[in-house]
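Enquirer: predicted model and sequence below, questions to follow.
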Amino acid sequence: MKGIKKLLWFLYQCFACYTLLIYILILWVPSDGWVAGFMMMSFPAVVLVHLISIPAWLVVERKRAILPLIMFVAAGLFLSRTYQFGGSDDAPEGNEGKRKFSVMSYNVHVFQKFSEWQSEKGRKEIREMKAWVGDSGADVLCLPEYYDEDETIFDIGNYLAKKGYKHTAHFYRRKYGKSYWGLAILSKYPIVASHDTIFVAQNGMIQADIKVGQDTVRVIGLHLYSMTLGLSKLVHQKEMDGVKAEGRITLRKMKNGFTQRAEEFTVLQDWVEKSPYPVLVCGDFNEVPYSYIYGKLRKSLKNSFEEKGHGFGFSYNHLPYFIRIDHQFYDDSKLSALDFRTFSKIKYSDHYPVMGTYRFK
């Protein structure tokens, strides 16, 4: 029995060393490699193991419960990325209200184009989704996986224009015949300049300089590399061979995703550094709060959820559900965050909408 205890304690000590390495990687983000990416992504599972280990070691050998307790308490360094108790400030009144604007980022999953949209139920949901987006109250919409098709139920552009979103920025390939698929920024305020780049398929970035009264903000909308993991296939495998095969595919996609997004981040970083205006970066990052890109951006910009969010802010409406991959970052030297919300009851897409409200300083 003593031999088993010694072995378990040795293994736990090794795990504690692994945990410290993860904490270091998340805090200082020294590497953009895929190995570091896997390690940082394991953070929630690692913390959970330490939490479970506290009562386990209390039963086995009380003194040794101190180490898992320390490891768990140390995870509090990342509490602001994980959970928020905050709320909203009162909205400014008078002339200050004119310097306030709101931005909603929402991966709309091509407005359910790939669902059974020809059925009456499907068409009803599409109409409801369009109406919700149009009536959301946001001044600026950043919509990854935006879809627009003339003279159909997917004529989203004309519908939203009637709702006040008359200024738009798309990838330079605006139309594929009568349709468009990709990232889009739509605004109630004038877009005085825009620039874009496509990474692959519908993934890419658009920067739009938006005039709000006498001020200008550069909104960078992005949709970073999608991994399309297909975790439901992995979960529903009944044979070990199937689990192994799907597991290998999932790991390969994740590895490729870490590599691709690290390359895309170099472009984003250049855009942020060269902006003459206050910057707001929003969209579908496909990166959790403990990742390389999140950590790097956090060093130069404030994260809106961390400043004004509430709860866990999970933004993905699909397996594994409990992740936050839709973010907004802003230049806090020139902008103040007033509010940040995650609309977790809006389930039209595989993402939830998130909206931040800001004011020029």
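Expert: Nice, thanks for sending it over. Numbering: from 1, shown residues only.

Enquirer: in this structure, what helix or strand scores lowest on average pLDDT?
Expert: Lowest on mean pLDDT, DSSP states H and E among the helices and strands of the chain sits helix 231-235, with a mean of 45.

Enquirer: ok, then the element right after that one?
Expert: Note on helix 231-235: by DSSP states H and E, the next helix or strand toward the C-terminus is helix 240-274.

Enquirer: chain center to that next one: distance?
Expert: How far helix 240-274 lies from its chain's middle: 14 Å, per C-alpha atoms, centre = their mean, to the nearest Å.

Enquirer: report the rounded mean pLDDT for that helix.
Expert: The pLDDT scores in helix 240-274 average 85.

Enquirer: which residues of the stretch 51-200 of the chain fall in strands?
Expert: For the stretch 51-200 of the chain, the strands defined by DSSP state E, counting those that start in this stretch cover 100-105, 140-149, 167-170, 179-187, 191-200.

Enquirer: mean confidence for the third one?
Expert: When pLDDT is averaged along strand 167-170, the result is 95.

Enquirer: which helices and strands sit right next to that strand?
Expert: strand 179-187, strand 191-200, strand 203-212 (3 or more C-beta pairs under 8 Å, 6 or more residues apart in numbering; DSSP states H and E). Every C-beta, even on glycine, is put in place using the N, C-alpha and C of the backbone.

Enquirer: adding mean pLDDT and distance to C282, write the ones you listed out as a markdown table.
Expert: Compiled in a markdown table, the helices and strands packed on strand 167-170 are given as follows (pLDDT from 0 to 100; distance: least, C-beta to C-beta, whole Å):
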| stretch | mean pLDDT | distance to C282 |
| --- | --- | --- |
| strand 179-187 | 94 | 9 |
| strand 191-200 | 94 | 15 |
| strand 203-212 | 97 | 11 |
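
Enquirer: do you know which of the strands of the stretch 51-200 of the chain lies nearest K302?
Expert: strand 100-105 (13.9 Å; C-beta to C-beta).

Enquirer: and that closest one, how far out from the chain middle?
Expert: Averaging C-alpha positions (C-alpha atoms, centre = their mean) puts strand 100-105 16 Å from its chain's average.

Enquirer: partners of it, with directions?
Expert: Taking DSSP bridges as the criterion, strand 100-105 forms sheet pairs with strand 140-149 (parallel), strand 354-360 (antiparallel).

Enquirer: other residues contacting the last one?
Expert: Strand 354-360 is contacted by residues 88, 91-92, 96, 99-106, 136, 138, 212, 215, 217, 278, 280, 282, 304-305, 308, 313, 315, 326-328, 330, 334-343 when judged by C-beta atoms under 8 Å, 6 or more residues apart in numbering.

Enquirer: and L77, how far is that from D150?
Expert: To D150, L77 is 51 Å away according to C-beta to C-beta, to the nearest Å.

Enquirer: do the same with E125
Expert: Distance, E125 to D150, using C-beta to C-beta: 21 Å.

Enquirer: same check on V60?
Expert: 68 Å.
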